[in-house]
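K.L.:
Here is my input, please return the structure:
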Amino acid sequence: MFEKDVLQLIRGLRAHKGHEREYVQTALRECRKEIKTNDMDAKATALMKLVYLEMFGHDMGWASFNVLEVMSSAKYLHKRVGYLAAVQSFRPDTEVLMLAENLLKKDLTSPDKNLISLPLGAIPHVVNPSMANSLLSDLLSRVSHSSPAIRKKAIVTLYRLAVVYPETLRPAWPKIKERLLDDSEDPSVTAAIVNVVCELGWRRPQDFLPLAPRLFELLTQGGNNWMAIKIIKLFSQLTPLEPRLVKKLLPPLTSLIKTTPAMSLLYECINGIIQGGIMEAAGGTTEGDEIARLCVSKLRAMLVVQGDPNLRYVALLAIAKITASHADLVADHQDVILECIDDADISIRTRALDLVIGMVNSNNLQAVVQRLLKQLKTACKSLPQSEAETERVAQDGIIPMADDDEGTAMSVPKNERRSDQPPPLPEDYRILVIERIIELCSKDSYANMDDFDWYISVLVDLVDQCPPGIASGSFGSARSGKTSVSDAIGAELLNVAVRVKGVRADAATAAQSLLLIEQRESTGSAGVLGPAAFIAGEYAQMLPDPEAVLTSMLHAANARLPAEALSLLLHAIPKIFTVLTSDQQSPWTEARRSHVVLLVARVVHFLEPLTLHPSLEVQERAVEYLDLMRLVSEASSNHSVEPIDGSVADPPLLLTQAIPSLFTGIELKPVAPAAIRNVPQPGDFDLDLPINSSLHIILASVDYETDYEGDDNEVRRFYHEKPSAVKTEYNKSASERLESTSNGHKASKSQDTESLLDPQALERKRLERRERYRDDPYYIDSERASGTSTPIHSILRSQNGDELDVDAIPVMELDLGQLRDARGTQSDTDQSRTNKHKPAKRAKRHFEITSDETLGGDDETAAPAVNKLYTASTAFRPTKSLLQMDSSALASLSMDETSQGTSKLDFERRQQEEEEMIRAVKEVERLRLQMQRQAEQIEEPEAEGTVVKSRRKKKVRVGLNPDQNGEAENGEVTKKRKKKKKPKEGNGDEPVLEPAVEDEPLVEEGETQAKVKKKKKRQVTFED
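P.N.:
Residues are numbered from 1 along each chain as shown. As a prediction, the model looks like this:
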């Protein structure tokens, strides 16, 4: 049977273009058959093909047990394929993984170095906590292996075990530390240990502070740039714990910065000096200033490198960190940094924007902002998601994939982009640029701003550059939408108008340009309409054309604005209306009365549908101003235009005094956000006290209400029933409705003349109207007994009398076209006159910025509250693990033996049991020898002619009485030491041995004196 190998599988896949899916499915079926055979070579070949197909996304989890079979093969080539498949397909939760533990243990203890490398390479990919606890003892023995490659792999594998199960690091750390402190260790093993220590050090740097001398020695030795980078990173974590390291590290780091040709090592040296606080700690000294200038000059050299955008990006990151401590040095290189704003890479532009904020001053502010504005205006806006996908396909074409569902290769010609056309800017980058411009201009309460007129024009230009967002919603929705960047622009425009008095006229002009309906081209400018309406209403007397602004505000499209913007718009309408109609110097003529009535009709037509708006704020303001406009309509219609006593008729006091008094008074000023904290609380103020003590009784009575209200109760229908869609009669313009009303009056004049002139008919209608609106709280009846008369009520009665004839409104035809043409001609004339007399250069003006209003002397609350959109976080962020693994559990692990918990690993328990067994064996052996010695002392030798030598023992000698017995009081037998026998001079040459004299027994200190009984020894003579 002929079997395909991996090379033939690859060739076949390339030969079946367009039909890759069918070919792959066929290959998978063949692999399923081959892997079930008993031939190990066939299993290994099929497994290799499955590994290749698994990289294309085809799952091979069903072959886990077959992988285990190939791993257990005796041949090295088969084992290598099996371990490769295990790394590719096994996961920590694989079911057959528990069966592989014994196999891994067996291969770890193999004498073959190549075979040991296989499990060392596979364990980090498949290890789980239970396996880590089981394999720890076998891995620790591999740390002392004779091969440096095995030691290096074992140390890296131990780190992976510590990540999965942090408790394994405690018994492994002594061996790792021993390898690191060994001067004769292989450099590759030392580099691996430094790598592991660096990964562990940023979690708990205090545990590795004792290694600083050895790490400094490795740093100064050099020879390995990768290890030097790791050591510098570790020292950046250790210097905050040991400030004395700053002075020690400055010379070698300075030498590395000056001499190293490697850009990676150069950047890491600079980054380590910044993050470790070495530059700040050495600030003010000669060495500190020298290292700061050196770092900035090297970073400038990185920025001018054209071929490496990554190097420019990290250089900008480092410069941004240096700016906090040495802003003057960075400002000298602002020309290079500003060039990065126009870089083709968006990420480099973003980092340059963050850096420019700290470099801008009053001299270069306008130049930087104009550069950013030009960037926004020249670049086209990004396409929506659907169009962007089509554009990507058109630009790059479609590449056929092996798993394409359609199965046919598609070829789309690439669309060539013009070289002079800049790439589109993403929406998030546009938003970031707008936010940075506002932050640059409003920094430190406009400390760098010299020309607020220019700033207002910049804000208006930024509105056109806002990305499209939720501009408006459909009528009937109270949802305001998400906060967009246009809201920030509107808030900043309002902030400038309120704080800077000298620029309010320009702010009103800008608000008018934003509110005019024919100039609303940007779809993302809905957020700026609310603040613009507030400015137009608050400073309506400064508007160039208030009537045009009011016309735009009354446009039907404004009803679809968000609730917040619409509520501000409704509040500005009566203010502008007051400016147009409250002139006391102009006489009250027929033309002026007709003009006022027309404006009132237009306002009423706009407000009536908004009384049913879902937003309570919009509904309340619409109802209030609608009733106010109806009063104005009645007062204007009934006020006579005929002169009294030969003088010119005065306008109604309702228009000239009453309504303007509602919107005039104390000037609005900015208030500090924390000023409310300084407001004194009244002494008798109790928040727990109920407002109405009988509220629970009232609420309980509602549940048992038995009075039946008929369907004819209008008050109940108004508050408790959902209003039905009623077709209003205001579907025409105000002029058409006035004209139709006039025609209707003429047609029915002959029929209603008697009824209109009949006093009884008028009285009957008035009584019916009063009864119909008897319970309506919004209806103001001139004859209703409601207590004290209001000022508006008094004015109406004094000017118009007791009876108001609503039908007596005069009707005149107005040609709106002529008015529009006249207004346009006048505006064109004014514009041409303005352009003609426009000065070449405006004189520099002095602006006074109003500070926040506050209470008390708290400096914190008195500081001006400037709208800051973005604040760069300067807090230290820990570096992420380079191995991309979650090592957060290591932060709570202490390698101090005194802080170990009660739970111990299996390895530690076995080690403790072995130590206890060794101690027990030693104790048993000691007791056995002691008993043996005691037995020897009891059985004394009695053989004749034997000289017994006593064992000498250093003990305290105690004098004994000759009459003492040989046993102590406690019955113990003491050891005796005998002296050597010396030859005694006698007659002739015969040696005579002196009888052995027993020495005094030795007694330990603290023991009682023992009684020793002397025994006589027989004298032995030797004859020839």
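K.L.:
pLDDT of stretch 696-713, averaged?
P.N.:
Regarding stretch 696-713, the rounded mean pLDDT is 62.
K.L.:
Per-residue pLDDT of K1017, please?
P.N.:
Note for K1017: predicted pLDDT of 52.
K.L.:
repeat for L169
P.N.:
We have a pLDDT of 88 for L169.
K.L.:
Ok, D332 next?
P.N.:
D332 carries a pLDDT value of 84.
K.L.:
what's around it, how many residues?
P.N.:
Other residues within reach of D332 by the criterion other CB atoms under 10 Å amount to 12. To be clear about C-beta, it is placed using only N, CA and C from the backbone, and glycine gets the same treatment.
K.L.:
Could you do the one 10 residues further on as well?
P.N.:
Residues near D342, counting by other CB under 10 Å, number 14.
K.L.:
And for the one 10 residues further on?
P.N.:
A count of neighbours around A352, defined by other CB under 10 Å, yields 24.
K.L.:
what do you get for the one 5 residues further on?
P.N.:
Using other CB under 10 Å, I357 has 17 other residues around it.
K.L.:
mind checking the backbone torsions on it?
P.N.:
Per-residue torsions, I357: phi -60, psi -40 (degrees, to the nearest 10).
K.L.:
for T323, same thing?
P.N.:
Dihedral pair for T323: phi -60, psi -30, per degrees, to the nearest 10.
K.L.:
I'd guessed it sits against G358; true?
P.N.:
Yes: the criterion here is CB atoms under 8 Å, and T323 meets it with G358 at 4.6 Å.
K.L.:
any common contacting residues for these two?
P.N.:
Residues within reach of T323 and of G358 at once, by CB atoms under 8 Å, 6 or more residues apart in numbering, are V330.
K.L.:
Have a look at these two and say which one is more surrounded.
P.N.:
T323 (20 against 15).
K.L.:
which residues touch that one?
P.N.:
The contact partners of T323, taken as CB under 8 Å, 6+ apart, are V330, L355, G358, M359.
K.L.:
try 10 Å
P.N.:
Residues near T323 by CB atoms under 10 Å, 6 or more residues apart in numbering: V296, L329, V330, A331, I337, D354, L355, I357, G358, M359.
K.L.:
Tell me the confidence at it?
P.N.:
In this model, T323 carries a pLDDT of 83.
K.L.:
Then A63?
P.N.:
So, for A63, pLDDT stands at 91.
K.L.:
Would you agree it is in contact with R32?
P.N.:
Yes: with contacts defined as CB atoms under 10 Å, A63 counts as touching R32 at a distance of 8.3 Å.
K.L.:
who touches both of these two?
P.N.:
Common neighbours of A63 and R32 are listed as A46, L50 (criterion: CB under 10 Å, 6+ apart).
K.L.:
Those two: who's more crowded?
P.N.:
Using other CB under 10 Å as the criterion, A63 and R32 rank with A63 on top: 23 against 14.
K.L.:
Any regions of the protein where pLDDT drops low?
P.N.:
1-3, 380-423, 469-483, 521-524, 644-646, 702-758, 773-846, 855-908, 939-1024 (pLDDT under 70).
K.L.:
Now do the strands in it.
P.N.:
Secondary structure of the chain (DSSP state E): strands located at 983-984, 992-993.
K.L.:
Distance check, K443 against M449.
P.N.:
9 Å (CB to CB, to the nearest Å).
K.L.:
More neighbours: which of the two?
P.N.:
The neighbour comparison of K443 against M449 (other CB under 10 Å) goes to M449, with 21 against 18.
K.L.:
Please name the residues that touch that one.
P.N.:
With contact set as CB under 10 Å, 6+ apart, M449 has these partners: S362, L365, Q366, L440, C441, S442, K443, Y455, V496, V500, F847, I849.
K.L.:
nearest to R170, of those?
P.N.:
Taking CB to CB as the measure, R170 lies nearest K443 of these, at 51.3 Å.
K.L.:
Phi first, then psi, for the closest one.
P.N.:
Dihedral angles (degrees, to the nearest 10) for K443: phi -70, psi 140.
K.L.:
Any figure for the gap between it and D453?
P.N.:
19 Å.
K.L.:
Make JSON lines from the contacts of M449 and add distance to L135 to it.
P.N.:
JSON lines is the format used below for the contacts of M449 (distance: CB to CB, whole Å):
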{"residue": "S362", "distance to L135": "67"}
{"residue": "L365", "distance to L135": "64"}
{"residue": "Q366", "distance to L135": "67"}
{"residue": "L440", "distance to L135": "58"}
{"residue": "C441", "distance to L135": "62"}
{"residue": "S442", "distance to L135": "61"}
{"residue": "K443", "distance to L135": "58"}
{"residue": "Y455", "distance to L135": "67"}
{"residue": "V496", "distance to L135": "68"}
{"residue": "V500", "distance to L135": "72"}
{"residue": "F847", "distance to L135": "74"}
{"residue": "I849", "distance to L135": "70"}
